[in-house]
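1. please find the sequence and the predicted model below.
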Amino acid sequence: QAKKAGRGCYRFFHPSMTRQADDHVILASSLREAIADRRLNLVYQPQVNVLTGRLHGVEALSRWTDPVLGTIPPGRFIPVAEETGQIRALGAWSLRVACEQMAEWIARGVAVPTVSVNLSAIQFQDPELVSQLATVLHQTNVPPERLIVELTETTMIENFEQTMTTAVAIRNLGIGLSMDDFGTGYSSLANLASLPINEVKIDRSFMKGFGSTGNVRQVVTAIIRIGHTLGMTVIAEGVEEAEQCIQLRAIGCDVIQGYYFAHPMDAESLDTWIRERRFQSALNP
Ligand code: C2E
Ligand code: MG
Ligand code: MG
Ligand code: MG
């Protein structure tokens, strides 16, 4: 309740501050505590190869449930972490936990081929990133090809030269590089083509109306073709329906990630999910 009083005082002395900015301050300080106390979690969402029905890999996603504020979605706390500089600590934490989890899967013979970790643009501009990646792989003993890092188009446009240098260094370590949320930003295809990216993820906004209008399907078909021309694996995000899955497979999409196959889940639930291999029967109903 000290927080509540503090918040009241703050508003008294700064009456012009919006409620939103006020919430932001509370969110930022609670997030700082959560990171320090290691109260964030990672969940993992399966990615399924639509030709073989096999597990292609998983994406690691951060989760935060605060004792006072409740569950806050990453769409809210990641921007706060970026604005306050906490993304460096959060990013280092998620990278480490994802690699430790992969090491455990490898040790127990659980068939998870790759784990993907989201990197914020700020992390990508960090000159320490490449050595940080190398260190985590070394310490956890995870082979580099089992790790994929995801960047977004925003990362590319902010500082292309720096992004290029970092991207090449990451690929030289043997780590996979994935372009997340493709089709939502302002990056040029030339940028996509010149970076050493080996996977492109079609943003989930394309899945809306994917079945109903031919236009969206043609755009997605074009992205798949471009991806394949550039030698990339193409993943569709946000696939929720069987019909979308069938159509995506028909137009050559390689991998599907979405609620249709599975929601993000904790490592233990993923174990069970893999054992039951529900995704195979889901693919061939
Ligand atoms: P993203 O990297 O594009 O991750 C995919 C998001 O789509 C996840 O949201 C996932 O839960 C959601 N999703 C997956 N399948 C479906 C579906 O079929 N339907 C719908 N409606 N949504 C689906 P989530 O977990 O809320 O994360 C949101 C974003 O927050 C992520 O988008 C990513 O950009 C960011 N994020 C999450 N964890 C981290 C992290 O550890 N570090 C950084 N830098 N960003 C993160
Ligand atoms: Mg992602
Ligand atoms: Mg995405
Ligand atoms: Mg994203």
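-> Alright, I've got the coordinates. Residues are numbered from 1 along each chain as shown. Ligands and ions are numbered 1, 2, ... in the order given.

2. up against ligand 3, what does the stretch 151-285 of the chain have?
-> 180-181, 237 (CB under 5 Å from the ion). The way it works is simple: take the backbone N, C-alpha and C, and place the C-beta from them, glycine included.

3. out of those, who has the most neighbours?
-> Taking other CB atoms under 10 Å as the neighbour criterion, residue 180 ranks highest of those with 24 neighbours.

4. so what does the helix or strand hosting that residue touch, helix or strand wise?
-> Assigning secondary structure by DSSP states H and E places residue 180 in strand 176-182. When contacts are defined as 3 or more CB pairs under 8 Å, 6 or more residues apart in numbering; DSSP states H and E, strand 176-182 sits against strand 115-118, strand 147-151, helix 153-158, helix 160-173, strand 199-202.

5. picking that back up, let's have the residues of the stretch 151-285 of the chain next to ligand 3 in a markdown table, adding distance to residue 151.
-> A markdown table is the format used below for these (distance: CB to CB, whole Å):
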| residue | distance to residue 151 |
| --- | --- |
| 180 | 7 |
| 181 | 10 |
| 237 | 15 |
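
6. pick the one among the residues you listed closest to residue 194.
-> residue 180 (17.7 Å; CB to CB).

7. residue contacts, that closest one?
-> By CB atoms under 8 Å, 6 or more residues apart in numbering, residue 180 lies in contact with 118, 150-152, 201.

8. how near is it to residue 213?
-> 24 Å (CB to CB, to the nearest Å).

9. could you do residue 198 as well?
-> The gap separating residue 198 from residue 213 is 30 Å, by CB to CB.

10. do residue 65 as well
-> According to CB to CB, residue 65 and residue 213 sit 39 Å apart.

11. ok, residue 198 and residue 213, which is more surrounded?
-> Using other CB under 10 Å as the criterion, residue 198 and residue 213 rank with residue 198 on top: 17 against 10.

12. most neighbours, which of the contacts of residue 180?
-> Using other CB under 10 Å as the neighbour test, the contacts of residue 180 are led by residue 201, with 26 neighbours.

13. show me the helices in the stretch 1-150 of the chain, by range?
-> According to DSSP state H, counting those that start in this stretch, the stretch 1-150 of the chain carries its helices in the segments 2-13, 19-36, 74-84, 87-108, 121-124, 129-140.

14. which one of those lies closest to residue 249?
-> Closest of those to residue 249 is helix 87-108, at 26.8 Å (criterion: CB to CB).

15. between strand 147-151 and that closest one, find me the angle.
-> In terms of direction (axes from the mean of the first three to the mean of the last three CA atoms, to 10 degrees), helix 87-108 departs from strand 147-151 by 150 degrees.
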